[in-house]
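> got a structure for you, letters missing:
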């Protein structure tokens, strides 16, 4: 099914709301660093606030995501955005507040909208024909990559050109605009708790753990690219000013990869595609660590971005296979938390290793962690598939095995890409 089948007026409205909701998330960590950098110990405090914000995201996504109800998702998403908007605004209006107060506000800013990403994705796939889910998710990934490419430059320009608190106030205002925009979208999506066959939500989500593990693996390498790249450039005697353009190339590669993935059907089942793409990303990042030339680093990051986008899309599409419609929003929220945890774990590992090994060795260690997670996830996928009938081989409503997850009746998104 072509892309034009999903470019409808409701989907364009969804895109506008998504930009307003996600740009604050992409701006937040850097905005928090700029916000307090002029205070004593400002950079350390900024790093702590950014970490607290991410912890809020990791905890808020599953807590609030599992409570989303399809029939009243709009009001629940609005409540989360209001909480995040108030917290961002509170931060911007209290630049001299005690660190504890700033930490609480940063935690709320990350946690309150934690379910928004998963809920918005569920809204999107409920707005398009079942066979166009792949294209819809590809467009979402393109939009997300563009937001993450713009956010650092916008944050830096506002913080240095206007005032350090302006990015946070803008983030609060954008979340408020997203709340208003929600009323141009459907109230929720069609789902019936009966499609879970009586299986508790938490048990359903736990069954999909291999998908979350490989999702975390795909973002592990992104953390390496962002956090170790400056040190790697310094090791190679390459100007640090190249870090920004190189990371922008990674983001543009991700946008291109997401668009290309949605253009056609690709051979192989989704778990196999995911493994191949993750191995490709790992190889590209390993070459970035080993090759000394700036052009090679740039090429490796662009290709890694292309492949990483496809890897994440296979994970989101796989969730549609192993979870019923009523559990999808919760599944997406748990995935959001899992990839955040993968990002944090990789960043922590790289930061610790940089104290004792070279930047290139730290990157290779991170690649090793990614490969371990990929193998664990792949082995779990085999059990997940053998424990219950896979969606690609069964019809909606068919009985599943005792250990298998219920299957989404809209089982063919990848067939129609």
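Sure, I can see it. Note that this is a predicted model, so its numbers are computed, not measured. Residues are numbered from 1 along each chain as shown.

> mind listing what the residue nearest the centre of the chain touches?
Centroid-nearest residue in the chain: residue 336, 5.4 Å away (criterion: Cα atoms, centre = their mean). Neighbouring residues of residue 336 by Cβ atoms under 8 Å, 6 or more residues apart in numbering: 57, 61, 65, 114, 117-118. Using the backbone N, CA and C atoms, a C-beta is placed for each residue, glycine as well.

> and it, what element?
helix 328-353 (DSSP states H and E).

> what residues of that helix count as buried?
328-347, 349-350, 353 (16 or more other Cβ atoms under 10 Å).

> equivalent analysis for stretch 277-286, please.
Buried-residue list, stretch 277-286, by 16+ other Cβ under 10 Å: 277-278, 280-282, 284-286.

> list of residues touching that stretch?
With Cβ under 8 Å, 6+ apart as the test, stretch 277-286 has contacts from 214, 217-218, 221, 224-225, 300-301, 303-304, 307-308, 310-311, 314, 363-364, 366-367, 370-371, 374.

> quick one: which of these sit in helices?
Judged by DSSP state H, these include 214, 217-218, 221, 224-225, 300-301, 303-304, 307-308, 310-311, 314, 363-364, 366-367, 370-371, 374 as members of helices.

> any idea how far residue 66 lies from residue 203?
12 Å (Cβ to Cβ, to the nearest Å).

> do residue 145 as well
Taken as Cβ to Cβ, the span from residue 145 to residue 203 is 34 Å.

> of the two, which one has the most company?
Legend: neighbour count by other Cβ atoms under 10 Å for residue 145 and residue 203, higher for residue 145 (23 against 10).

> my guess is that one contacts residue 306. True?
No: contact between residue 145 and residue 306 fails when scored by Cβ atoms under 8 Å: they sit 10.6 Å apart.

> what do the two both touch?
Counting by Cβ under 8 Å, 6+ apart, the residues touching both residue 145 and residue 306 are residue 254.

> possible to save the buried residues of stretch 277-286 as TSV with pLDDT, distance to residue 108 and secondary structure?
Formatted as TSV, the buried residues of stretch 277-286 follow (pLDDT from 0 to 100; distance: Cβ to Cβ, whole Å; DSSP: H, G, I helix; E, B strand; the rest coil):
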residue	pLDDT	distance to residue 108	secondary structure
277	92	35	helix
278	91	34	helix
280	93	38	helix
281	90	34	helix
282	90	36	helix
284	91	37	helix
285	89	34	helix
286	90	39	helix
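
> in JSON lines: those residues, plus distance to residue 11.
Shown next, in JSON lines, are the buried residues of stretch 277-286 (distance: Cβ to Cβ, whole Å):
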{"residue": "277", "distance to residue 11": "26"}
{"residue": "278", "distance to residue 11": "29"}
{"residue": "280", "distance to residue 11": "30"}
{"residue": "281", "distance to residue 11": "29"}
{"residue": "282", "distance to residue 11": "34"}
{"residue": "284", "distance to residue 11": "32"}
{"residue": "285", "distance to residue 11": "33"}
{"residue": "286", "distance to residue 11": "38"}
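
> distance of the closest residue to residue 165 other than its chain neighbours from residue 141?
The shortest distance from residue 165 to any non-neighbouring residue, by Cβ to Cβ, 6 or more residues apart in numbering, is to residue 92 (4.3 Å). Per Cβ to Cβ, residue 92 is found 30 Å from residue 141.

> list the residues that contact residue 379.
residue 210.

> check which helix or strand it maps to.
Per DSSP H and E: helix 359-387 holds residue 379.

> next, the angle helix 328-353 makes with that helix.
150 degrees (axes from the mean of the first three to the mean of the last three Cα atoms, to 10 degrees).

> buried ones in helix 359-387?
359-360, 362-367, 369-371, 373-374, 377-378, 380-381, 384-385.

> show the average pLDDT along that helix.
What helix 359-387 shows for mean pLDDT is 82.

> residue 276: what's it in contact with?
So residue 276 contacts residue 268 (Cβ under 8 Å, 6+ apart).

> name the element it belongs to?
Counting by DSSP H and E, residue 276 is found in helix 270-290.

> so how far is that helix off the chain centroid?
The chain centre lies 18 Å from the centre of helix 270-290; the measure is Cα atoms, centre = their mean, to the nearest Å.

> can you give me the helices in the stretch 101-250 of the chain?
116-127, 133-161, 166-182, 201-207, 209-235, 243-261 (DSSP state H, counting those that start in this stretch).

> how is the chain carved up into domains?
Residue ranges for the domains of the chain, per automatic domain parsing: 1-136+147-190, 194-390.

> those: lowest mean pLDDT?
For the domains of the chain, mean pLDDT drops lowest on domain 194-390, to a mean of 83.
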